[in-house]
Structure formats: C-alpha cells, structure tokens
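Participant: give the three-dimensional model of this entry:
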Amino acid sequence: MEVILKQDIHTLGYKNDIVTVKNGYGRNYLIPNGFAILATESAKKMHAENMRQRAHKEEKIKNEALEIAKKLEGVTLSLGAKTSTTGKIFGSVNNIQIAEALTEKGFEIDRKVISIKDAVKEIGKYTASIKLHKEVKVEIEFEVVSE
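Facilitator: Prediction:
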C-alpha cells in the first residue's frame, strides 16, 4: 500500500514522502491517526503540484539550515554535572541539557533534533549530532565537567 506522509515519522520517512507500507500499518495506524493519506492517482497529482510549489521554500529552509550548521561547526560546549570522586556522573547528560547550553550560546535548537551517540555517564569529551534539515546534519563536541 502506498501512502503520502502528512508529517515526519522517525522510522518511516519525512513529510510529503510517498512510501510503501504494509496494508495493516497504513489502514489501522497511519491513516486513522492522520499521519498519512492513501496515495491514489488524484492524490499523487495534487502531491506533485504541491511539491513543485514548495521547492522554492524548501531551498530557502535548507540554506538557512546550512548557515546555522556553519555557525555550529566551531562550537564546543562545557556541561557541568554532579559527580562522584571516581568521575562517574549521578544520572546522565541528555539532549535537553545540550539544548539549554546551545540556547545560552544564542542558538535556538529544538531538543528533539539532538541525538547523543554514546551514553554519557562519566566526565569527558563526547559528540552530539544535530539534524537541522533532512539533508543537513552537524556534529558538535561537548565536554562534561564536574561541578
């Protein structure tokens, strides 16, 4: 079954993508919850026309994301955390704390687009990946220090 996605779905695709899914997944989950519409011939024609009109807007959004990515490339963050005497963190550092640190530096980045590769449980240097656009991804380094 082919469906046109109405919003980004993490494991499936991005908004306005035409994807093939299993019949039950489309009929019982995606379409009733408003995440997708059935990709009929008329829906595909309307989708193609809408995509032509949005191409210019998408290019502008991508260029803005590239500008932000250039500014973020040189940024390094220092996050404070309560630690034990051996250097283990009580709890862990997550994407919310990175988003707050970026806000302090002047970047308004949503916490949902930030992902940390490794679990941050000790003091040290780590990298986080920020997905600004579906084609623009930037990695920033952050250091966890003891408070």
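
Participant: what helices or strands is whichever helix or strand residue 68 is part of leaning on?
Facilitator: Per DSSP states H and E: residue 68 is located in helix 41-72. Applying 3 or more Cβ pairs under 8 Å, 6 or more residues apart in numbering; DSSP states H and E, one finds that helix 41-72 contacts strand 2-5, strand 124-133, strand 136-146. No exception for glycine: its C-beta is placed from N, CA and C like everyone else's.

Participant: domain ranges for this protein?
Facilitator: 2-67, 70-146 (automatic domain parsing).

Participant: tell me the mean pLDDT for the longest one?
Facilitator: The reference is to domain 70-146. Taken as a whole, domain 70-146 has a mean pLDDT of 89.

Participant: same question for the shortest one.
Facilitator: The average pLDDT within domain 2-67 is 91.

Participant: surely residue 118 and residue 128 touch.
Facilitator: No: here residue 118 does not reach residue 128: they are 9.8 Å apart, not a contact under Cβ atoms under 8 Å.

Participant: who's more crowded, those two?
Facilitator: Relative neighbour count places residue 128 above the other of residue 118 and residue 128, with 22 against 9, counting by other Cβ atoms under 10 Å.

Participant: wait, which of the helices and strands packed on helix 41-72 is closest to residue 62?
Facilitator: Nearest of these to residue 62, taken as Cβ to Cβ: strand 124-133 at 5.4 Å.

Participant: check which helices and strands that closest one is in contact with.
Facilitator: Right, strand 124-133 is packed against helix 41-72, strand 114-116, strand 136-146 by 3+ Cβ pairs under 8 Å, 6+ apart.

Participant: I appreciate the help and will end here.
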